[in-house]
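1. Here is my input, please return the structure:
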Amino acid sequence: MPIWFDLDKVNDESYFNTAPIRFEYTMHLDASADEVWEGLTANKPLLWCTALNGRYTSKRPFGVGTTRDMNASLGLIRLKERFFEWDEEQRRHAFYVEKANSPAFKQFAELYEVTPHEQGCIFVWKFAMTPRKGLGLPLKLASPAAKKVLFDGFIRDTVRHFGTVK
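-> Numbering: from 1, shown residues only. From the prediction side, this is the model:
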């Protein structure tokens, strides 16, 4: 059994503008908004991302309060997530991590937004995090490498899976 560390709740999406560490990616994908949204809300979400393996732990229909377990980096990072925003019509949702098997972060959240476009769709994926006290400087120094290896990898996998509009 892993040891779990509690993270602080994120109440709204203003956190994506104020967190000390933030990454935002905008992709113009060669897939319909419905197709991308379906992949985000499938029983095994983000299946195309090779470093991720997860599942929803709430019953459908999903909405605010939905929970999900996610493993990253071959299970080295384990997360228990809770969605604080969910809008099916706008194809937009956001969650915060409630528990993690690493003590690195005080807060961690992600936001997904999929918007139809005349060709394919626009997929915005945001990450926001606050290090635990005493870990701010080490995580700030490590964040460029983590971005390149982990977060940029999610984006490469997404583009590889759906293709991009040229």
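2. Now do the SS call for Phe154.
-> Here Phe154 takes the helix state, with states given by DSSP: H, G, I helix; E, B strand; the rest coil.
3. dump the residue contacts of it.
-> Shown in contact with Phe154 (C-beta atoms under 8 Å, 6 or more residues apart in numbering): Leu46, Cys49, Ala51, Leu52, Trp125. From N, CA and C alone the C-beta is placed, and that goes for glycine too.
4. what number of residues lie near the second one?
-> By the other C-beta atoms under 10 Å criterion, the neighbourhood of Cys49 contains 20 residues.
5. now the third one
-> Neighbouring residues of Ala51 were enumerated by other C-beta under 10 Å; the total is 17.
6. Can you pull the poorly scored residue ranges out of this protein?
-> Along the chain, the model assigns pLDDT under 70 to residues 1, 74, 134-150.
7. Do a quick rundown of the helices in the protein.
-> Assigned by DSSP state H, the helices in the chain fall at 15-18, 33-41, 136-146, 152-162.
8. other SSEs contacting the shortest one?
-> Read that as helix 15-18. With contacts taken as 3 or more C-beta pairs under 8 Å, 6 or more residues apart in numbering; DSSP states H and E, helix 15-18 sits against strand 105-116, strand 121-131.
9. For that helix, which residues meet the burial criterion?
-> Tyr15, Phe16 (16 or more other C-beta atoms under 10 Å).
10. Could you shift the numbering so residue one becomes 117, and keep it that way?
-> With the count now opening at 117, the last piece we talked about shows up as helix 131-134.
11. neighbouring contacts of that helix?
-> By C-beta under 8 Å, 6+ apart, the residues outside helix 131-134 that reach it are Arg138, Glu140, Ala210, Tyr212, Gln223, Ala225, Leu227, Lys242, Ala244.
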